[in-house]
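[1] next one to model:
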Amino acid sequence: MTPLETFQSRKIHFQNLAEQFQKQYNQWAVFRAIVFVAVASIGYFCYEFYDIAYTLLVLIIGIALFLFSVTKHLKIKHLRDKNRILSTLNEDEIQRSENRFTRTETGEIFAEENHFYASDLDIFGKQSLYKLLNRTHTFGGAKILANWLLHPAETNEIINRQKAIQELSEKIDWRQDLEASAMLIEEISEPTHQLLAWNDAPANQKIQQSLFQIARFLPYITIPVVLAWILGFVPIYIVLVLMGIHGLILKQIFNEVSVALDQTTRIAGAMKAYSALSELIVSEDFQEEKLQNLKSKIAEASTAILALEDILNKMANRVNPFFAFVVGIPTLWDIQYFIKLENWKEKHRKNLPTWLAVIAEFETLNSLAGYHFANPTFIQPSVISGGVFLKAKALGHPMIRHNKRVSNDIELIGGGKTIIITGSNMSGKSTFQRTVAINVVLALTGAVVCAESFQCSPLQVFTSMRSNDSLEEGTSSFYAELKRLKQLIDEVGKDDKNTTSILYFLDEILKGTNSKDRHEGARALMLQLHKTSASGFISTHDVALGDEFDEQDFVKNYSFSSEVINDDLVFDYKLRQGVCHSFNASELMKRIGIEM
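    Numbering: from 1, shown residues only. Here you go, the predicted model:
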């Protein structure tokens, strides 16, 4: 079964399950209503015709039954929602296979100004590499994925990521469960930010005050007294006195508790999702060392986060007036769970950021594993230590659909080397450079690449492909390109400080000036770069530049071409050795109506 067939099958399967749970959800909604009406009716009947003891007994049993039905109803709702999400994410995979992206996150919030390659390679944006890879749903996971795409990893880290990604790619049920659980965090940033802000806030010292300590233990006296009154052993006024004391205590510390509880209400949904995520990670058996190490950092998180989720869930009951009156006041419910919440924070505040970071990294690895599974013809590259080394066979652009993708071989070995690419307009020069660059970025992220074979050393990609003028800065597109080239010159000048060699991609170099200056400038830059450890690609329409360096051992000439067949302009997008001496600009101008 192909990945696409797998996604289609799973989409239908989870859709059917969601519909089944929706039916159960509707049935339990009716049952809840029946229980509520029955308890209210029987309670009123007992109050009218029997004494208060029978009424309270009916209410206690009825409340227990009602709470059971509410709990069951919520569990079914969770299962319904999760299966809907699982169906949705398989639909996302189907859309992604056609380069259609249903999610709105572009990753542009993580873009870095003047980054070496992000803008030219469409790392972020509406049709970007980030959107192709991204299966994260927490802010932490999204941030790590963006960081990995922006900053190449060390060789050992790349190898460890590759092994982890390979293992996770084979666990489709686990991977999609993880993603579905993360999708329950509806916003990409706010819940995590609020959770960390709450965690960083200082502990409330007032819980050590005597009033809180009295409130903590008073229900242990009150509840037995209420039961004794129900059984007829204690007069009503004792119960009323105790309830009055409870009311006074609640009045004294109501504002303090309410503010804290309102803050935690906003993080309850995120905590529920993080609880499910940590449980999935802790309960899974991993073979690869990186996954095992990450899991060990979160070993106690599942129990602790589950405990916090339980506290938050119980605190949420306070918004129910019926519960607040019957249970909340006698037990001083708000205060009990406020104290538990503060104690939890004091015990685990140092660990929570680490736990969230581990979950975020698992999400990122899960994204790259999902990309691996969805593209079974892509391969894990071989990353080797050393200077400039790049060798690929049948290299294609991962953002171009397979039925339209044209692949090429390429080899670039050693520092100070330049590959000049000449060719006619629209023949594929720019796309080829982006193809090489984006696959190097993927390789150094730890992801699979679009090739039959791929080897490279750790490299720092640098691009100069899009140069736009700026009204705000008062710069032309030509000067913008010069500024970009200066950035490259400055960077290669740090050879003694750089731990990785630069691999540059310069598209239509110095296109904004006259032919003579363009030729002299490109020639001078190539000779200057030859003296450094940097190597790379330069595309140009300046055939003379390729001819001039054709005999130099540090330069290789490649080209793309087009031809007219049956009055149609045809491109095959195949890379050929040598300089291109046939161009199509005149033909293209004729086709738009310019009389040549």
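[2] what's the first helix or strand after the strand or helix carrying Tyr130?
    Using DSSP states H and E, Tyr130 sits within helix 129-133. Using DSSP H and E, the next helix or strand after helix 129-133 towards the C-terminus is helix 139-150.
[3] quick one: average confidence on that following helix?
    If you average the pLDDT over helix 139-150, you get 95.
[4] now stretch 285-301
    Across stretch 285-301, the average pLDDT comes to 93.
[5] please apply the same query to stretch 537-553.
    Here stretch 537-553 scores 88 as its mean pLDDT.
[6] stretch 395-411 too?
    94.
[7] now stretch 159-171
    Here stretch 159-171 scores 97 as its mean pLDDT.
[8] going forward, begin numbering at 158 instead of 1
    Done: numbering now begins at 158, and the last item shifts to stretch 316-328.
[9] buried sites along it?
    Residues Ile316, Asn317, Arg318, Gln319, Lys320, Ala321, Ile322, Glu324, Leu325, Ser326, Lys328 are the ones in stretch 316-328 that count as buried (16 or more other C-beta atoms under 10 Å). Heads up, the C-betas are built off the backbone N, CA and C, glycines and all.
[10] for the host helix or strand of the fourth one, name the packing helices and strands.
    In this assignment (DSSP H and E), Gln319 forms part of helix 312-326. Based on contacts counted as 3 or more C-beta pairs under 8 Å, 6 or more residues apart in numbering; DSSP states H and E, the elements that helix 312-326 packs against are helix 329-340, helix 446-454, helix 509-531, strand 539-540, helix 586-602.
[11] buried set for the second one?
    Translated: helix 446-454. In helix 446-454, counting by 16+ other C-beta under 10 Å, buried: Lys447, Leu448, Leu451, Lys452.
[12] circling back to that earlier point, mind putting the buried residues of stretch 316-328 in a markdown table, distance to Ala679 included?
    Shown next, in a markdown table, are the buried residues of stretch 316-328 (distance: C-beta to C-beta, whole Å):
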| residue | distance to Ala679 |
| --- | --- |
| Ile316 | 38 |
| Asn317 | 41 |
| Arg318 | 38 |
| Gln319 | 38 |
| Lys320 | 43 |
| Ala321 | 43 |
| Ile322 | 40 |
| Glu324 | 47 |
| Leu325 | 45 |
| Ser326 | 43 |
| Lys328 | 50 |
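[13] nearest to Leu639, of these?
    Closest approach to Leu639 among those (C-beta to C-beta): Arg318, at 37.2 Å.
[14] tell me the pLDDT at the nearest residue to the closest one once chain neighbours are set aside?
    Spatial nearest neighbour of Arg318, chain neighbours left out: Gly603 (3.0 Å); criterion: C-beta to C-beta, 6 or more residues apart in numbering. pLDDT recorded at Gly603 is 97.
[15] burial count for Gly603?
    Close neighbours of Gly603, defined as other C-beta atoms under 10 Å, add up to 25.
[16] wait, what's in contact with it?
    With contacts defined as C-beta atoms under 8 Å, 6 or more residues apart in numbering, the neighbours of Gly603 are Trp305, Ala310, Glu314, Ile315, Asn317, Arg318, Gln319, Ile322, Leu525.
[17] distance to Phe495 for the residues you listed - can I get that in a markdown table?
    A markdown table is the format used below for the contacts of Gly603 (distance: C-beta to C-beta, whole Å):
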| residue | distance to Phe495 |
| --- | --- |
| Trp305 | 40 |
| Ala310 | 44 |
| Glu314 | 43 |
| Ile315 | 47 |
| Asn317 | 43 |
| Arg318 | 43 |
| Gln319 | 47 |
| Ile322 | 43 |
| Leu525 | 42 |
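[18] which secondary structure element contains Ala473?
    Using DSSP H and E, Ala473 falls in helix 458-473.
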